[in-house]
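Trainee: After the sequence you'll find the predicted model.
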Amino acid sequence: MTALEKAGIIKFRFHDLRHTYAAHWVMNGGSIYTLQKILRHSSLSITEKYAHLAPDYMATEVRQVTQKMMQATNKCYAGVTSDNFAESVVKSDFDNSLEHKELVNTSGP
C-alpha cells in the first residue's frame, strides 16, 4: 500500500502541489512577478491561473486594503464601507469567472 493510499488521498497529481504552492505564495504576500520566475512560466496569465485564490481570502484582503485606504484619506465615499466594497469585488470576480465558464462551455468546436 502506498503512502497516498494509507492517507486516504485519491486522484493526487504531484503537479497539484505547484498550484497549492502558488496560492500560498501569494496569500503570504509574495509577488506574482517573482512567482512567475520561480515557476518558470512564460506569461503572467499562466501564473495567475496557478495562484487562484479562494473568494473568502479575496474578500478579506480587499476589506483590509480598503480600510487602510479609507483611513489614509479620511474620506468615506457615499456610504461605501470596506465590507460592502469587498463583497462587491468578490461577487464581480465570481460573476466574471462564471461568464468565462459559460463562454467556454457554449463555444462550439
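Mentor: Yes, it's here. Residues are numbered from 1 along each chain as shown.
Trainee: alpha carbons only for contacts and neighbour counts from here, please
Mentor: OK.
Trainee: So the chain: which segments form each domain?
Mentor: 10-52, 54-109 (automatic domain parsing).
Trainee: Worst mean pLDDT among these?
Mentor: For the domains of the chain, mean pLDDT drops lowest on domain 54-109, to a mean of 63.
Trainee: Now do H24 against S45, distance only.
Mentor: Distance, H24 to S45, using CA to CA, to the nearest Å: 17 Å.
Trainee: mind exporting stretch 59-73 as PDB, just the C-alpha atoms?
Mentor: The C-alpha coordinates for stretch 59-73 follow below in PDB (Å, rounded to 0.1, in the frame of the first residue of the first chain):
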ATOM      1  CA  ALA A  59     -12.800  39.400   0.400                       C
ATOM      2  CA  THR A  60     -10.600  39.600   3.500                       C
ATOM      3  CA  GLU A  61      -7.800  41.200   1.600                       C
ATOM      4  CA  VAL A  62     -10.000  43.700  -0.200                       C
ATOM      5  CA  ARG A  63     -11.600  44.600   3.100                       C
ATOM      6  CA  GLN A  64      -8.200  45.200   4.800                       C
ATOM      7  CA  VAL A  65      -6.800  47.300   1.900                       C
ATOM      8  CA  THR A  66     -10.000  49.300   1.600                       C
ATOM      9  CA  GLN A  67      -9.900  50.100   5.400                       C
ATOM     10  CA  LYS A  68      -6.300  51.200   5.100                       C
ATOM     11  CA  MET A  69      -7.100  53.400   2.100                       C
ATOM     12  CA  MET A  70     -10.100  55.000   3.800                       C
ATOM     13  CA  GLN A  71      -8.000  55.700   7.000                       C
ATOM     14  CA  ALA A  72      -5.200  57.200   4.900                       C
ATOM     15  CA  THR A  73      -7.600  59.500   3.000                       C
END
